[in-house]
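>>> okay, here's the prediction I keep looking at, along with the sequence it came from:
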There are 2 protein chains.
Amino acid sequence: MEKDLSQYKEASTAISHLMETGEMEVNDPESNSLQQPLLKRDVTLSSIPLAMLGTKVSHIESLDYEIIENDLFKHDWRSRKKVEVLQYIFLKWTLAFLIGLLTGVIATLINLAIENIAGYKILAIDRLVKQQSYLTGFLYFTGANLVLTLVAAFLCVMFAPTAAGPGIPEIKAYLNGVDTPNMFGAPELIVKIFGSIGAVSAGLDLGKEGPLVHIGACIAALLGQGGPDSHRLKWRWLRYFNNDRDRRDLITCGAASGVCAAFRSPVGGVLFALEEVTTWWRSALLWRTFFSTAVVVVVLRVFIQYCTTHSCGLFGKGGLIMFDVSDVTVSYHTIDLLIVAVIGVIGGVLGSLYNYVLHKILRLYNIINAKGRLYKVLLSLSVSLFTSTCLYCLPFLSSCSPCDPSLPDSVCPTTGRTGNFKQFNCPPGYYNDLASLLHCTNDDAVRNIFSTSTPTEYHPLSLIIFFVLYCILGLFTFGISVPSGLFLPIILMGSAYGRLLGLVMGTYTKIDQGLFAVLGAAALMAGSMRMTVSLCVIFLELTNNLLLLPITMFVLLIAKTVGDSFNPSIYEIILHLKGLPFLEVHPEPWMRNLTVGELADAKEAVVTLNGVEKVARIVEVLSNTKHNGFPVIDQGIALRVGLPNTSTKLHGIILRSHLVAALRKKWFLTDNRKTEEWEVRQMFTSVDLAEKVGMTEALEVTKDEMEMYVDLHPLTNTTPYTVLESMSVAKALVLFRQVALRHLLIVPQYQGAEVPPVIGILTRQDLRAHNILNAFPYLAKPKSS
Amino acid sequence: MEKDLSQYKEASTAISHLMETGEMEVNDPESNSLQQPLLKRDVTLSSIPLAMLGTKVSHIESLDYEIIENDLFKHDWRSRKKVEVLQYIFLKWTLAFLIGLLTGVIATLINLAIENIAGYKILAIDRLVKQQSYLTGFLYFTGANLVLTLVAAFLCVMFAPTAAGPGIPEIKAYLNGVDTPNMFGAPELIVKIFGSIGAVSAGLDLGKEGPLVHIGACIAALLGQGGPDSHRLKWRWLRYFNNDRDRRDLITCGAASGVCAAFRSPVGGVLFALEEVTTWWRSALLWRTFFSTAVVVVVLRVFIQYCTTHSCGLFGKGGLIMFDVSDVTVSYHTIDLLIVAVIGVIGGVLGSLYNYVLHKILRLYNIINAKGRLYKVLLSLSVSLFTSTCLYCLPFLSSCSPCDPSLPDSVCPTTGRTGNFKQFNCPPGYYNDLASLLHCTNDDAVRNIFSTSTPTEYHPLSLIIFFVLYCILGLFTFGISVPSGLFLPIILMGSAYGRLLGLVMGTYTKIDQGLFAVLGAAALMAGSMRMTVSLCVIFLELTNNLLLLPITMFVLLIAKTVGDSFNPSIYEIILHLKGLPFLEVHPEPWMRNLTVGELADAKEAVVTLNGVEKVARIVEVLSNTKHNGFPVIDQGIALRVGLPNTSTKLHGIILRSHLVAALRKKWFLTDNRKTEEWEVRQMFTSVDLAEKVGMTEALEVTKDEMEMYVDLHPLTNTTPYTVLESMSVAKALVLFRQVALRHLLIVPQYQGAEVPPVIGILTRQDLRAHNILNAFPYLAKPKSS
């Protein structure tokens, strides 16, 4: 608990720091784009609605996953014909198909580009090294990598700072109900694609797996809204998807397709989305996601088959981490299980250590990145320079090993782009084992270190160098401003220590060293990411050997258990660090000691509107508050037969965007009266209300109009979720998360003449542990006292 | 919608019929055990809280998955020490381990028993047939099967009628929040084990897969409560698990372990539990379930290895459906995909047809079963007789085929217990293809029909006979009073039509006939059970060939889509037929047109209690109503400074069982006053309150005591979930299901002097579509009008 608290504090400190320094770059496209400075409230329960998306500080809001049941929605729903329902279903499945198709195609194109760019680069270096032009080779290598990194960083910094990093934490937050602006647009998609190609080709220690998840999500979001923000297709059918609920489902499909495209693992992709990414889940979605990933697999398969018969340049094995060990017979005994347990324990310890150190470095990087665009690019370039230097120079430390005479010449040594026994600087008949790991793309490095039946290929020292190098690179590469995934660095680190352990244990076990490397990679992933079933299935689908299943499960369970006893998973750490208001499944224990009534007391008084309200009052409320929902109260008039005139009625809650829509359309009444449903329907359709508009500045309301009225009843959501003031915060949080709310009204326990019908309103920020603890610090006291 | 409605009506008709006929067998242990006749309410919204569990009509209640936050709970929680939290976590994992261990051991023992009993039976018949003593063979075969069936049916009917059938629908309902009495006790476990052995050894067309799921759940429930109801271990640590929430998690683990034990499919087991069985799910549970299934796999593996080196009688391949095709290379072209699509379409059509006909037959069987115990046994015996006759006689219709000379003598023909080419009545060198399918255990039949590289083994006619026979048996066997699973009959049917199709398509495709059989089985399962990801993984783990994955996904998606367009899944149909009040994910569309206030108006007025209530009133309320929760209201006294004396306060809701506990302990006050917390804690611990007691008959309250008072405040759950009366039923249902409620209070929209603080209470039964439609028939009108 205390650990969490300190983390939260760090998060808010980091963000505040960013806010302060952010003022230096007002004209920077990635700077805080808020129109007004944030009002510092002087009430106790305050919150900063800011978070880091990629490397950009953004103002965040919540999403409307709740169904807004107002009169227009109800009419729209009642008048929806059967054919429209069928249209919706048809389109839903078509979109799922298109998401799979496009994700598959784009993933293949990315692989194609990376394999070719990196391939020609490596071939050129190989040639230069063979000619012993070592310095030219170094300059060429470093220069090429710097240019590629520059492209990636420049794109990312200039056009889409939210495209930096893997994007998975932001997607996770989006699916939890946090609106993450500029995350799923066309610039992000394009920058992510080309940035990823540049960064991976530059040999940086990062993967395309995380970015592919983000790419899948972007494709899904763009398809759902009919294209980029500025050029949206206004096709009638697409109106069904212009709501946060359906967009959530699409993005889930996209994320699963992305994982599937990264690992060619359809079931693993679905499970990854289920276990790690989504907050709400239902069987119907399971099925649709599964359909999307099936399409992805078919697309990948078709492309790979095409490239084996036709020429795709240097496109080799499809650029996928494929470690097919289906022909390896796995047999193990009790002693092996012990060794495997050791792999698991080390994986857990290393994984949590990695999480810890990465957290520190990311905080440092946040400060550097906040200094401005130039600093972001320079940071990326320095990491690239360091990486290139190490990758180029370290193999020279390794001595040349003679090829095993039983291997044919075409296998050892190799001079081509891929291949396990790289000749590099060695004489014919010899290979450089460190060059086999460092002078290739990361995917090939994984394939080489996973290679089976090659027990003598690597010197222990080479493996140690490799491991240490990738520990350093893995920590320092992740936070730079380019699209980067976490999977690959962790797999590289894990496989190194796994293989090293296999080498040491060589005489005691019958398990192949390649399998050791696989198990090490799995263990480190479980130790850092803390997934179980999805990782297990991904590894199963990667290795294509079901006999490995029990042993993989064993390793994963141990590594996760060990890791969990130290710190939270890497994604949770990043979520906290970015300040994303993610709602966890389980409320904090101390939340049982606080009621929502007490929470409401610590907030500003709730701002309510009358059922028929003056325009002036609405304009005032919209300008002076930043709330997004306002309870609508009917007063005074006889509400129901038998009730005294002093009674009040809670009619519901109205969204800011719907108030703005009413003002925009100038739907004003000259007198204070209730309207009929047909009057409203002449002005609004539910499609109008679905558009998200929030600005009030552009509205021009004349002085005369200010004195007119708006009937809010037909625009009000009459079925808001409510809790009694005596409800504990813990149970309110469960409700808030499970039903996917944006606003939760607090109604009084008491019934009487002078009791207000609503005494408060809770939002996501109010329910976050660290915000509550700021207002009620005594709750954080350790349990013993 | 209309379809659903008619189904619901059928369900209630079936149940009412059972109630009427149930009176004939009052002394029957399996008859309705309600103490009083059900009160026929004369209000509009009424419901029958009865459902069929196995073949027994039971009174059902809801479970308390909500946390009952009363003063005692809060104190208990506050005073819980860190070491107790660790005890809880430790025990949770230990139980997960034990569930896996015991499920694995019991599954192996069941397999061992079945393989041996059925094996010796088959060997004896083989001998008799070889001696051409056909009639003796028939009598022996039929007699043995009748005895085995009798054992299974007798055990089931006499000791545990709830153990009949697969148990999966009941587990599904339990995890949805329906208390299913006598489902997870020791008698059910024992009957399920031995009944399953008997029924499967008797050659009936049923599997042990469904029962294994139930067995896993029983083990989990018994472990959690410390043994059978009458001899519960009173170990202090186990008190943590004496609540419905933790029991739910354990039963989920148990169900997953059961599936895993049935198919040796750890990931498939977890996914089955996730996709089909559970209603609520969280990542932590995913992990724990995964651990349990991992243990099961290890246990199964150890036993199988033991039995290969030591003697386990006739225990052959572990009695598991194992169809290892890892050595078959799967290659297919566009034309193959077309054929595979046909398999999928046929699977979907046949699956939904199967669901439809099975539904009719189950309704017929319900009527027969309701006639009494003797009828149940006779029904089982007639099915057994019919099955035995067909299994024995039909192979004689088939002509003998010569063995492929390339096959060694040990493979063709076989005379042993297992083996693909059964000699049966044929001369040496010849085999009877129908006997290979019918004269073996069901598991062996599956293995034989799945066999690869044997394209000429089966005559089309034999396959047609096999298919038709198993269609008939599959429909007529399921409803009898023995433990029976649905998986195996469907697999047998599906594999037959798949292989038949493969035989017909032989010349057009390169896909092996064995694979056709596998795909047919998968398609029919998807067409009937409508699962996708879990089925896909189960088949993956069964076939041990990842290359089959895309094609399996393809078949499953098509079959499910086709099936869904006809009727709901078989489990949903059974749930409806049994009258289990299962709450679906999605509310019916018409539920948006109804508010909970209107629903409350159609019910009896809500019965409320005062904060400090007279004993007499409590006794009266408990005897005259069957409600399980009562809102507690404070009135009159000055509740809060500034409020008029006419104000009322909704303090919370108190459970019937807690009222009974207060009466039992005679916690009476002589005057109308509020108590202090220490007074309550002297009388009650939260462990006392966790015990479920419902009877009021045994309570003896003297006349003097009747005039005394009980302070209900400390026993009241002060944090009930509430909805406004204007809330739509659709959204209330979402809340009810998502937060796992038992009672949902309806509070008024209005605030005023004469408004009651609570105007209604909703339970699971009130939110069921068919109950609402009974009260509001106009809602069911088709949409067009």
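That came through, no problem. Please read these numbers as outputs of a predicted model, since none were measured by experiment.

>>> now the most centrally placed residue in chain A: how far from residue A:272?
Most central residue of chain A, judged by C-alpha distance to the mean C-alpha position with Cα atoms, centre = their mean, is residue A:168 at 1.9 Å. Separation of residue A:168 from residue A:272 (Cβ to Cβ, to the nearest Å) stands at 9 Å. For the C-beta atoms, the positions are set from N, CA and C on the backbone; glycine is no exception.

>>> between the two, which contacts overlap?
In terms of Cβ atoms under 8 Å, 6 or more residues apart in numbering or on different chains, residue A:168 and residue A:272 are both contacted by the residues residue A:255.

>>> my guess is the residue nearest to the centre of chain A contacts residue A:273. True?
No: with contact defined as Cβ atoms under 8 Å, residue A:168 does not reach residue A:273; the gap is 10.5 Å.

>>> residue contacts, residue A:299?
Residue A:299 makes contacts with A:100, A:101, A:104, A:105, A:108, as judged by Cβ under 8 Å, 6+ apart.

>>> what do you get for residue A:431?
Residues near residue A:431 by Cβ under 8 Å, 6+ apart: A:400, A:401, A:403, A:412, A:413, A:414, A:421, A:422, A:423, A:424.

>>> quickly list what it is bridged to.
Beta-bridge pairing of residue A:431, defined through DSSP bridges, involves residue A:401.

>>> mind listing what's buried along stretch A:704-720?
If you call a residue buried by 16 or more other Cβ atoms under 10 Å in any protein chain shown, then stretch A:704-720 has these buried ones: A:708-720.

>>> about what we covered before: top of the contacts of residue A:299 by neighbour count?
The member of these that has the most neighbours, counting by other Cβ atoms under 10 Å in any protein chain shown, is residue A:100 with 30 neighbours.

>>> so that residue, which state does it fall into?
Local secondary structure at residue A:100 is given as helix here, using DSSP: H, G, I helix; E, B strand; the rest coil.

>>> check the one 10 residues further on too.
Per three-state DSSP, the secondary structure class of residue A:110 is helix.

>>> wait, isn't it in contact with residue A:198?
No: between residue A:110 and residue A:198 no contact is recorded; they are 10.7 Å apart, counting by Cβ under 8 Å.

>>> can you give me the domain assignment for chain A?
Domain segmentation of chain A under automatic domain parsing yields A:2-62, A:81-309, A:334-578, A:589-780.

>>> what average pLDDT does the last one get?
For domain A:589-780, the per-residue pLDDT values average out at 85.

>>> before we move on, the earlier item: mind putting the domains of chain A into JSON lines with distance to residue B:179?
Formatted as JSON lines, the entries for the domains of chain A read as follows, by distance: least, Cβ to Cβ, whole Å:
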{"stretch": "domain A:2-62", "distance to residue B:179": "36"}
{"stretch": "domain A:81-309", "distance to residue B:179": "23"}
{"stretch": "domain A:334-578", "distance to residue B:179": "30"}
{"stretch": "domain A:589-780", "distance to residue B:179": "21"}
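
>>> and of these, who's closest to residue B:62?
Distances from residue B:62 to each of the domains of chain A were compared using Cβ to Cβ; the shortest belongs to domain A:589-780, at 17.7 Å.

>>> need the contact list for residue A:652.
With contacts defined as Cβ under 8 Å, 6+ apart, the neighbours of residue A:652 are A:70, A:631, A:632, A:716, A:717, A:718, A:719, A:720, B:726.

>>> is any residue of stretch A:668-681 near chain B?
No: taking Cβ under 8 Å from any Cβ of the partner chain as the criterion, stretch A:668-681 and chain B are apart, separated by no less than 14.3 Å.

>>> distance from the chain centre to that stretch, please.
Here the centre of mass of C-alpha atoms in stretch A:668-681, compared against the chain's by Cα atoms, centre = their mean, to the nearest Å, lies 44 Å away.

>>> could you list the low-pLDDT ranges of the stretch 151-300 of chain A?
Using pLDDT under 70 as the threshold, the predicted model of the stretch 151-300 of chain A has no low-confidence range.

>>> residue in it nearest to chain B?
Distances between the stretch 151-300 of chain A and chain B by Cβ to the nearest Cβ are smallest at residue A:294, namely 4.5 Å.

>>> which non-adjacent residue is nearest that residue?
The spatial neighbour of residue A:294 that comes closest, neighbours along the chain excluded (Cβ to Cβ, 6 or more residues apart in numbering or on different chains), is residue B:553 at 4.5 Å.

>>> A helix includes the one you found, no?
Yes: assessed with three-state DSSP, residue B:553 lies in a helix.

>>> out of residue A:110 and residue A:198, which sits in the more crowded spot?
residue A:198 (27 against 23).

>>> distance of the more buried one from residue A:418?
In this structure, residue A:198 and residue A:418 are 21 Å apart, going by Cβ to Cβ.

>>> would you mind listing what in the stretch 501-650 of chain A touches chain B?
Counting by Cβ under 8 Å from any Cβ, the stretch 501-650 of chain A comes close to chain B at A:532-533, A:536-537, A:540-541, A:544, A:546-547, A:549-550, A:553-554, A:557, A:560, A:585, A:589, A:592-593, A:595, A:639-640, A:642-644, A:646-650.

>>> can you select the buried ones from these in ChimeraX?
Of those, the buried ones can be selected in ChimeraX as follows, counting by 16+ other Cβ under 10 Å:
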select /A:532,533,536,537,540,541,544,546,547,549,550,553,554,557,560,592,593,595,639,643,647,648,649,650
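
>>> return the subset of the residues of the stretch 501-650 of chain A next to chain B lying in strands.
Assignment to strands by DSSP state E places the following of these there: A:648, A:649, A:650.

>>> which helices and strands does the host helix or strand of residue A:518 pack with?
Secondary-structure element containing residue A:518, defined by DSSP states H and E: helix A:513-529. Contact here means 3 or more Cβ pairs under 8 Å, 6 or more residues apart in numbering or on different chains; DSSP states H and E; on that basis helix A:513-529 packs against helix A:334-369, helix A:487-505, helix A:533-543, helix A:549-564, helix A:570-578.

>>> and residue A:239, how many neighbours does it have?
Residue A:239: 17 surrounding residues under other Cβ under 10 Å.

>>> which residues touch it?
Here residue A:239 is in contact with A:687, A:690 (Cβ under 8 Å, 6+ apart).

>>> mind doing that once more with 10 Å?
For residue A:239, the contacting residues are A:76, A:84, A:88, A:226, A:685, A:686, A:687, A:690, by Cβ atoms under 10 Å, 6 or more residues apart in numbering or on different chains.

>>> any idea how far chain B is from the first one?
From residue A:76 across to chain B, the span is 11 Å (Cβ to the nearest Cβ, to the nearest Å).

>>> again with the third one
With the distance defined as Cβ to the nearest Cβ, residue A:88 ends up 13 Å from chain B.

>>> thanks again, I'm all set now.
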